[in-house]
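Participant: predicted structure and sequence below. I'll ask about it afterward.
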Amino acid sequence: MQQGATHAAPALERLARLGYAGKGVLYLTIGLLALWRAAQWQGGATTDQRGALTSISDLPFGSVLVVVLGIGLAGYAVWQLVRATLDPEHQGTAAKGLAKRGGYLLSALSYVGLAIAATLPDAAPGLGGAGTTRDWTARLLDVPGGQILVGLVGAVIIGIAIKQVHTALTSAFMRQMALTDLGQQRRKMVERVGQVGIVARAAVFAVIGGFFLQAAWRAAPGKTGGLKDALNTFASAPYGRVLLAVVAAGLVAYGVYCLVLAVYRRIHIQTPSSS
């Protein structure tokens with residue numbers, strides 16, 4: 001059995017590519033701000049996706065840029081929702097496939113929040129922030145077996161981080177891209193940028209997963225945190241300035257990788273066909 005492929009609907013493809021571009025801009029902003037802090041230029045600070053939107057809005061014509069970015073993030077949310085529900089890439093209904101599709105769904109929900117925060121900031125001033133994460137963690141801890149559930153969330157996030165490292169080290173992500181019009185040297189450069197970026201993001205995910213494990217162990221929702229908290233954890237570690245700089249540079253690489261995906265990602269629907 002071989003897999004054939006047809007192109008996705010043009011509108012869906014444009015939305016997906018715009019979404020990858022928007023995600024890339026966010027991670028570039030986050031990484032650059034973290035590098036700024038690591039270099040201790042004018043008292044820089046770390047931030048998360050919501051903070052990156054705020055930083056972009058402060059630029060000339062920033063309000064327009066943020067709205068455009070919000071449309072892109074909405075496009076990414078739609079693409080992730082399509083991947084989760086319609087399964088255009090045929091992940092299937094086995095445990096591994098369902099786990100991937102569940103991750104796509106969570107990603108879609110996350111980016112819906114960011115898109116709303118970008119386009120309608122007054123409608124959801126706290127949406128997507130660390131406070132929101134702590135609020136729902138507190139609610140989860142209040143239900144029977146809540147500590148176990150929160151611990152499972154942390155374990156899943158750490159599992160995702162491990163999977164991302166494996167994806168980076170094996171260069172499996174390169175199969176997602178059509179780079180036939182690039183020379184060998186440029187393809188190798190894309191591969192290295194992707195590897196660095198994916199590993200850096202995995203490191204952040206691992207720390208966030210650790211936050212949830214701490215929250216579960218101590219039944220303390222305040223122990224959870226997001227991307228900004230993870231970067232601050234790196235900064236406060238021994239040799240934190242160097243560690244933060246390395247991770248921040250990796251997130252910049254991840255942003256570049258997402259921009260490459262916006263151009264070269266295969267956006268198609270897999271269809272089974274007989275060999």
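Facilitator: Received the coordinates, thanks. Numbers count the residues shown, from 1 in each chain.
Participant: switch to C-alpha atoms for all contacts and neighbour counts from now on
Facilitator: Noted.
Participant: okay, now the residue lying closest to residue 247 once chain neighbours are set aside: neighbour count?
Facilitator: Closest residue to residue 247 apart from its sequence neighbours, by CA to CA, 6 or more residues apart in numbering: residue 200 at 5.5 Å. For residue 200, the tally of surrounding residues (other CA atoms under 10 Å) stands at 24.
Participant: buried residues in the helix or strand residue 200 falls within?
Facilitator: Secondary structure from DSSP states H and E places residue 200 in helix 184-218. For helix 184-218, the neighbour count (16 or more other CA atoms under 10 Å) marks 187, 190-216 as buried.
Participant: how about the helices in this structure?
Facilitator: Ranges of helices in the chain, per DSSP state H, are 10-38, 49-57, 62-85, 95-119, 130-142, 146-169, 184-218, 227-236, 240-264.
Participant: quick one, the fifth one and helix 146-169 angle?
Facilitator: Put plainly, it is helix 130-142. 130 degrees (axes from the mean of the first three to the mean of the last three CA atoms, to 10 degrees).
Participant: so which elements touch helix 130-142?
Facilitator: Contacts defined by 3 or more CA pairs under 8 Å, 6 or more residues apart in numbering; DSSP states H and E place helix 130-142 against helix 146-169.
Participant: flag every buried residue along the helix it packs on.
Facilitator: Within helix 146-169, the residues that qualify as buried are 146-162, 164-169, counting by 16+ other CA under 10 Å.
Participant: then stretch 170-177?
Facilitator: Neighbour counts using 16+ other CA under 10 Å place 173-174 of stretch 170-177 among the buried residues.
Participant: low-confidence ranges in the stretch 51-200 of the chain?
Facilitator: 51, 61, 120-132 (pLDDT under 70).
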